[in-house]
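[1] 3D model of this:
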Amino acid sequence: QVQLVESGGGLVQAGGSLRLSCAASGRTFSAYVMGWFRQAPGKEREFVAGITSSGLALEAGSVKGRFTISNDNAKNMVYLQMNILKAEDTAVYYCAARPRIAISRNAHDYDYWGQGTQVTVSS
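    As a prediction, the model looks like this:
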């Protein structure tokens, strides 16, 4: 099993920044993908960004240029730097993991999930 714990959420004004962290522990894999998803009230969970264990990254079009995903394999950490936040970025943000080599935008392709962290952007 893999345990994922997110941190770093909070309340921020529009235009501000937040950095989310995800700590992974438990079973390790030689190759894996870590992803960030978000879910706003009444909406489906959506892909935000993903990164492979080798460092290849992909961000959703809605956050590209504002959000950056990164990882630190030595520390088993994944980060999501969020800049120029907008009210529409308000959601619960989830860290997810899949023991595969390719990034997927589909939440159903991820096997492990954190409990989520709330991000609220005030306009």
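
[2] rest of the way, CA atoms for contacts and neighbours
    OK.

[3] how about the most centrally placed residue in the chain, what does it touch?
    By Cα atoms, centre = their mean, the chain has its centre lying nearest to residue 36, at 2.0 Å. Applying Cα atoms under 8 Å, 6 or more residues apart in numbering to residue 36 gives the contacts 47, 48, 49, 50, 80, 93, 94, 95, 96.

[4] Format these as TSV; extra columns: secondary structure and neighbour count.
    Listed next are the contacts of residue 36 as TSV, based on DSSP: H, G, I helix; E, B strand; the rest coil; neighbours: other Cα atoms under 10 Å:
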residue	secondary structure	neighbour count
47	strand	22
48	strand	25
49	strand	26
50	strand	28
80	strand	23
93	strand	27
94	strand	26
95	strand	31
96	strand	27
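
[5] And for the residue nearest to residue 70 when sequence neighbours are not counted, the neighbour number?
    Nearest-residue entry for residue 70: residue 79, 5.3 Å, with adjacent residues in sequence omitted and distances by Cα to Cα, 6 or more residues apart in numbering. Other residues near residue 79 come to 23 when the count uses other Cα atoms under 10 Å.
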